[in-house]
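Q: Please find the sequence and the predicted model below.
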Amino acid sequence: MNLVLNNAPLPVQTSPKEGLWPTARRSTLDWLMIETRTERFIDNILVEMCRRLVEEGVPISRATLYMRTLNPQWLGARMLWKKGMSEAEMTTFGHDVEDSAQYANSPIRDINNGASEARRRLGTVSAEPEHPVYKELRDEGYTDYVAWPVDHTLGKRQVVSFATDAPGGFEDGHLQYLKDLLPALALVSEIRIKNRLARTLLETYVGPHASEKILAGATMRGSGTSVGAAILICDLRDFTAISDAWPRDDVIELLNGYFDAMCEPIERHGGEILKFMGDGLLAIFPLSNPEACRNLLRSISEAQVAIRDLNAKNVREGHQALGYGIGVHVGEVMYGNIGSRTRLDFTVIGPAVNVASRIESLTKEVKRPVLLSRAFADAAGCDSKLENLGFHPLKGLGDPIEVLAFADDRIDV
């Protein structure tokens, strides 16, 4: 059988010698192996690969690439291309997707469980039970479907699928061409996924801004820069007593709920969470953003609402309401790598961080949940809404610090 590529017949071995790869020279295969090195994203490679295949006479109308990854929110993603699309459509799947009926009755599960191929001609309705996705594709006008494993190192398996709406479906030559792409697609996709995994893991454990600096090469101990920042330090009250009295799983659920309430507003308003310290956290808002101080206050205001809702839920479930203390300051910090020769932490240090920490501790003494330094209040321009609590000595520091609080302990910005 001949497969027409670029209007010229290219011989295709329909019965290739075992172990021979590729079965014939392929233009798109050459492109995958040689010309994709400058493309960072695998979804863009998928779209371009499909475009090239169509130009060469392979009648694909739909393609998907299912990728597993390491992410705290989702197990993996599906990249979908259809004829006429210039960008792939990305859908993420939660960690519970493998418990769903949709996954359990799918060709993707068959491949993940060891099948070397999932093929269904869709032109006619099968008398045998079939996966629901086959009916969906048939109803959309597709005539043939095939899925194969894309095997990565260490037994990691991804899945690629192709569908066509050509009358009669795929010919043998089309399928052989697509199969010839699989080893190259495995190499190309694994490189991009590993890069994405590295970025995701760094973002998860050190935050998006720090991860960008690390990936850009800021890995030497002591390397860093001085930046102006609004600093927020938060601590959960009575956590020791709670952890002693509550079951372990309840404590973990409580901490996760508390950190969601605090962190989501911080990240939404451009803050960077640098460290979780048991039941506390450290975040900064770089002053390179003119709205940094106001954004910090907006974050606290929204976090107070979220914690109030969380406390209502805790009380309904028979638990005590959570208390917290927040200390806020502004100043220059050293932002970079601190640690031992073999173990580094990308964080901030400096006198301004120490002041913010001591102000947070002061919330216990003055019985106010949020305290701000005079320096921060002036920078934020919110003095008219604050109650001056006077000067207070801070442990381990020099002169007393003037601190302020919102009059009703609720932040209005």
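A: On my side now, so go ahead. Numbering: from 1, shown residues only.
Q: Extract the residue ranges of the stretch 251-400 of the chain that are flagged as low pLDDT.
A: Along the stretch 251-400 of the chain, the model assigns pLDDT under 70 to no residue.
Q: mind listing the helices for it?
A: Applying DSSP state H, counting those that start in this stretch to the stretch 251-400 of the chain gives helices spanning 292-316, 351-366, 374-380.
Q: can you tell me which of these comes nearest to A230?
A: Smallest distance to A230 across those (CB to CB): 4.7 Å, for helix 292-316. (Glycine included, C-beta is placed from N, CA and C.)
Q: Pull out the buried residues from the closest one.
A: Across helix 292-316, burial judged by 16 or more other CB atoms under 10 Å covers 292-304, 306-307, 310-311, 314.
Q: Over to stretch 54-68?
A: Residues of stretch 54-68 classed as buried: 56-68 (neighbour count, 16+ other CB under 10 Å).
Q: returning to what we had before: Throw the helices of the stretch 251-400 of the chain into JSON lines and include distance to E171, thanks.
A: Converted to JSON lines, the helices of the stretch 251-400 of the chain look like this (distance: least, CB to CB, whole Å):
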{"stretch": "helix 292-316", "distance to E171": "58"}
{"stretch": "helix 351-366", "distance to E171": "67"}
{"stretch": "helix 374-380", "distance to E171": "68"}
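Q: From P107, how far off is the nearest residue to F276 once chain neighbours are set aside?
A: Nearest residue to F276, sequence neighbours excluded (CB to CB, 6 or more residues apart in numbering): F259, at 7.1 Å. In this view, F259 and P107 are 39 Å apart by CB to CB, to the nearest Å.
Q: So for these two, which residue has more residues nearby?
A: P107 (21 against 17; other CB atoms under 10 Å).
Q: burial of the nearest residue to the more buried one once chain neighbours are set aside, as a residue count?
A: Nearest residue to P107, sequence neighbours excluded (CB to CB, 6+ apart): A118, at 3.6 Å. Here the count is done by other CB under 10 Å, and A118 has 21 residues near it.
Q: Numbering from 713 from now on, please.
A: With 713 as the first residue, the last one maps to A830.
Q: Contacts only, for A830.
A: P819, D822, I823, Y857, V858, A859, W860, S873 (CB atoms under 8 Å, 6 or more residues apart in numbering).
Q: Next up, phi/psi of it, please.
A: Main-chain dihedrals, A830, degrees, to the nearest 10: phi -130, psi 110.
Q: For it, give me the pLDDT.
A: Predicted confidence (pLDDT) for A830: 96.
Q: What's opposite it in the beta bridge?
A: On the basis of DSSP bridges, A830 is bridged to A859.
Q: show me where the stretch 863-1012 of the chain has strands.
A: Counting by DSSP state E, counting those that start in this stretch, the segments of the stretch 863-1012 of the chain that form strands are 869-876, 936-948, 984-989, 992-998.
Q: wait, N1007 sits on N1001?
A: Yes: contact status for N1007 versus N1001: in contact at 7.0 Å, counting by CB atoms under 8 Å.
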